[in-house]
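*Asks:* Pasting the sequence and the predicted model now:
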Amino acid sequence: MSPSLAKEVLAVQAPVNNHDMVGHFMRNVWDDKGAMGDMDQTILWGKIHRAMYQLNREPFLSQAGKIMTDNIERAVLSLVSSRETGSNLKWQERAHVVVHGPNEYEASFFPLIRHFVADMVLPSLFGTDFIKNYPDIATDLFAFDANFHLFLMGLPPWIPLSGLRESAAARDRVKSAMEDFHNALVAASRGERTTDGRWDNLDDVSSVVKNRVNLWEEAVSELSNKEACIASHAFLLWVTLINANVIVFWLLFHVYQDSSLLAAIREEVSPFVHIRESPGSPERSTITLDSPEIRAQTPLLQSAFLETMRLYTQSNSFKNVQADFVVSESEIDQNIREPNSFVPKGGSKVPVSQSQRTYQLQQGDMICVPFGLHQSDSRYWNHPENFDGRRFIIQQQDSARRTSLSNGRVSVDSTRISPWGSGASICKGQKLSYREVLEIAGAILLCWDIEPAGAAGWSHPGLAKAGGTAIPKRDFRIRLLRRVP
Ligand code: HEM
């Protein structure tokens with residue numbers, strides 16, 4: 001489906017929605033026993049869903065963004081470290097870190113990055129007590145997600161397929177953690193304190209999560225059980241962890257193997273990552289991130305980020321049509337899709353008429369918009385199978401902004417892909433994840449040298465199925481050297 005058609009089909013005012021799909025999804029994937037599909041849809045798609053929009057708005061963005069940035073500044077120099085024990089650095093434990101010498105380590109690349117990113121972002125939404133009480137929540141979430149496609153098909157956990165039972169058990173643990181967390185927040189909002197001290201510090205839970213808990217609590221009093229509420233919290237945890245973490249990994253994977261791109265990105269980002277070295281006592285070295293400037297002044301890093309999204313996100317948007325309506329493809333898309341779509345007229349050829357690019361959709365139709373297909377369509381992209389970190393860079397004639405790129409005024413064109421979806425169900429974590437990926441990737445690129453540990457060099461580890469962005473098929477060991485003394 002061409003981009004202009006996708007935009008029209010998913011436009012906020014188009015008579016389509018995914019409400020039935022969400023009911024089906026929650027039943028199969030999150031095992032909510034049909035509770036969400038059965039509940040009052042005006043409450044679900046009214047105030048409860050609307051509360052999710054706050055994730056893309058202030059004050060949430062500044063508050064959560066600050067917590068995340070503080071976490072990155074505190075942790076990036078200890079991405080791997082011989083001085084920290086594994087107990088408080090889960091990402092090191094998962095990555096099987098081996099210490100080779102002062103400031104030199106070996107680790108499994110994907111688990112290291114995936115868990116590091118999880119530990120940076122989760123407290124900004126769910127607060128520190130949640131992570132303290134459930135330090136293995138990301139591990140469980142990933143174990144569940146490994147068989148996401150089987151759950152989506154509606155397979156019951158007892159089917160003897162490899163790992164399905166374990167994934168279902170991990171899903172149950174995630175749901176039970178969310179229920180415990182929900183109950184703790186409800187108790188705290190009533191002024192009750194837990195006697196065991198596990199939930200004494202819920203002040204740093206984000207406003208959005210607290211608000212959602214309150215709204216669900218109101219709705220739950222009308223419902224026979226909490227299944228829908230718990231599944232909804234688990235869903236938020238899932239969407240937080242299945243894309244950005246993986247994107248950071250693939251972005252680093254491609255940038256580190258291209259020395260000229262790596263050098264150019266480091267040059268571009270370094271004015272906004274302030275490193276204070278402490279030679280002789282490296283544990284006292286610090287970094288601080290200039291968040292607004294990282295978002296405003298790093299077109300090359302952002303182009304590489306978008307290129308990573310183009311190659312690895314495989315988003316599909318499913319919708320049911322609620323009323324008949326008509327959509328039209330743009331002339332540009334028609335010509336790209338069918339370059340010979342000209343018809344003879346008066347001795348010459350003119351583009352096909354608007355009516356030939358128009359489609360009638362009927363109430364009851366089901367639509368799937370496969371964004372990932374467009375992202376790999378050679379009619380839209382030169383050598384779409386290759387990673388080209390500069391692909392989204394555009395010249396910006398009228399901007400005073402200069403970058404370190406040799407050709408002067410440049411910017412990024414983020415309109416060519418829609419990895420966050422489109423329309424009413426567009427990703428509500430778009431802005432937070434933009435900041436998350438740029439800051440984490442930028443800080444790691446400046447603080448660490450990374451090269452493959454195995455003889456196979458940078459050969460691609462292949463792609464495995466996952467609920468969100470495609471993950472690597474096999475382990476990839478790396479050597480890391482800290483650049484900050
Ligand atoms: C690079 C990272 C991310 C990508 C590529 C991504 C992509 C997506 C996509 C494709 C959808 C479905 C859109 C549709 O159905 O049309 C979605 C939904 C959603 N995402 Fe993200 N996402 C990312 C990060 C995040 C993060 C970090 C959060 C949480 C803070 C988040 C929260 C959500 C929510 C709440 C929804 C459901 C929206 C709704 O149903 O209205 N996402 N995301």
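*Replies:* Yep, that arrived.

*Asks:* On the three-state scheme, residue 359 is what?
*Replies:* strand (DSSP: H, G, I helix; E, B strand; the rest coil).

*Asks:* Now do the contacts for it.
*Replies:* Residues near residue 359 by Cβ atoms under 8 Å, 6 or more residues apart in numbering: 5, 326-329. (Each C-beta comes from the backbone N, C-alpha and C, glycine too.)

*Asks:* Now render those residues as a markdown table, adding secondary structure, neighbour count and distance to residue 12.
*Replies:* Output for those, formatted as a markdown table (DSSP: H, G, I helix; E, B strand; the rest coil; neighbours: other Cβ atoms under 10 Å; distance: Cβ to Cβ, whole Å):
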| residue | secondary structure | neighbour count | distance to residue 12 |
| --- | --- | --- | --- |
| 5 | helix | 20 | 16 |
| 326 | strand | 9 | 17 |
| 327 | strand | 20 | 14 |
| 328 | strand | 16 | 17 |
| 329 | coil | 22 | 19 |
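
*Asks:* Between these, which sits nearest the ligand?
*Replies:* residue 5 (14.8 Å; Cβ to the nearest ligand atom).

*Asks:* Nearest residue to that closest one in space, please, no chain neighbours.
*Replies:* residue 329 (4.9 Å; Cβ to Cβ, 6 or more residues apart in numbering).

*Asks:* go on, residue 198?
*Replies:* Closest residue in space to residue 198, ignoring its immediate chain neighbours: residue 133 at 5.4 Å, by Cβ to Cβ, 6+ apart.

*Asks:* The one you found: neighbour count?
*Replies:* Using other Cβ atoms under 10 Å, residue 133 is surrounded by 14 other residues.

*Asks:* Verify the stated contact: it with residue 200.
*Replies:* No: the pair residue 133 / residue 200 is not scored as a contact, 10.8 Å apart, by Cβ atoms under 8 Å.

*Asks:* Just list the residues touching the residue nearest to residue 198, thanks.
*Replies:* Going by Cβ under 8 Å, 6+ apart, residue 133 touches 177, 180-181, 198-199.

*Asks:* same check, this time on residue 457
*Replies:* If a contact means Cβ under 8 Å, 6+ apart, then residue 457 has no contacts.

*Asks:* Distance of it relative to residue 30?
*Replies:* Plainly put, residue 457 is 40 Å away from residue 30 if you go by Cβ to Cβ, to the nearest Å.

*Asks:* Same check on residue 304?
*Replies:* Residue 304 is 34 Å from residue 30, where distance means Cβ to Cβ.

*Asks:* Of those two, give the one with the bigger neighbour count.
*Replies:* Per other Cβ under 10 Å, whichever of residue 304 and residue 30 has more neighbours is residue 304, with 30 against 24.

*Asks:* was I right about the more buried one contacting residue 255?
*Replies:* Yes: assessed by Cβ under 8 Å, residue 304 is found in contact with residue 255 at 5.9 Å.

*Asks:* Quick check: neighbours shared by these two?
*Replies:* 261, 265, 389.

*Asks:* For the last one, which non-adjacent residue is spatially closest?
*Replies:* Nearest non-adjacent residue to residue 389, counting by Cβ to Cβ, 6+ apart: residue 304, 3.9 Å away.

*Asks:* Are we agreed that the one you found is in a strand?
*Replies:* No: looking at residue 304 with three-state DSSP, it is helix, so not inside a strand.

*Asks:* What are the neighbouring residues in contact with it?
*Replies:* 251, 254-255, 261, 265, 389-390.

*Asks:* swap in residue 111?
*Replies:* Counting by Cβ under 8 Å, 6+ apart, residue 111 touches 91, 94-96.

*Asks:* Quick one: residues contacting residue 36.
*Replies:* Residue 36 is in contact with 22-23, 26-27, 44, 227-228, 231-232, counting by Cβ under 8 Å, 6+ apart.

*Asks:* scratch that, residue 325 is what I was asking about
*Replies:* By Cβ under 8 Å, 6+ apart, residue 325 lies in contact with 14-15, 361.

*Asks:* Report the entries of these that also contact the ligand.
*Replies:* Filtering the contacts of residue 325 for proximity to the ligand by Cβ under 6 Å from any ligand atom leaves nothing.

*Asks:* Closest one of those residues to residue 411?
*Replies:* Ranked by distance to residue 411 (Cβ to Cβ), the contacts of residue 325 are led by residue 14 at 29.9 Å.

*Asks:* can you give me phi and psi for the closest one?
*Replies:* phi -70, psi 140 (degrees, to the nearest 10).

*Asks:* wouldn't it be in contact with residue 5 here?
*Replies:* No: shown here, residue 14 and residue 5 do not form a contact pair, counting by Cβ under 8 Å, at 11.3 Å.

*Asks:* sorry, back to before: turn the contacts of residue 36 into JSON lines, columns for distance to residue 158, secondary structure and neighbour count.
*Replies:* Output for those, formatted as JSON lines (distance: Cβ to Cβ, whole Å; DSSP: H, G, I helix; E, B strand; the rest coil; neighbours: other Cβ atoms under 10 Å):
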{"residue": "22", "distance to residue 158": "25", "secondary structure": "helix", "neighbour count": "20"}
{"residue": "23", "distance to residue 158": "23", "secondary structure": "helix", "neighbour count": "20"}
{"residue": "26", "distance to residue 158": "20", "secondary structure": "helix", "neighbour count": "22"}
{"residue": "27", "distance to residue 158": "17", "secondary structure": "helix", "neighbour count": "20"}
{"residue": "44", "distance to residue 158": "30", "secondary structure": "helix", "neighbour count": "19"}
{"residue": "227", "distance to residue 158": "20", "secondary structure": "helix", "neighbour count": "23"}
{"residue": "228", "distance to residue 158": "24", "secondary structure": "helix", "neighbour count": "24"}
{"residue": "231", "distance to residue 158": "20", "secondary structure": "helix", "neighbour count": "23"}
{"residue": "232", "distance to residue 158": "26", "secondary structure": "helix", "neighbour count": "26"}
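
*Asks:* Which one of these is nearest to residue 314?
*Replies:* The closest of the contacts of residue 36 to residue 314 turns out to be residue 22 (Cβ to Cβ; 19.3 Å).

*Asks:* among the contacts of residue 325, which ones are buried?
*Replies:* By neighbour count, with 16 or more other Cβ atoms under 10 Å, these hold 14, 361 as buried.

*Asks:* Turn the contacts of residue 325 into a markdown table, columns for pLDDT.
*Replies:* Below are the contacts of residue 325 laid out as a markdown table (pLDDT from 0 to 100):
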| residue | pLDDT |
| --- | --- |
| 14 | 92 |
| 15 | 95 |
| 361 | 94 |
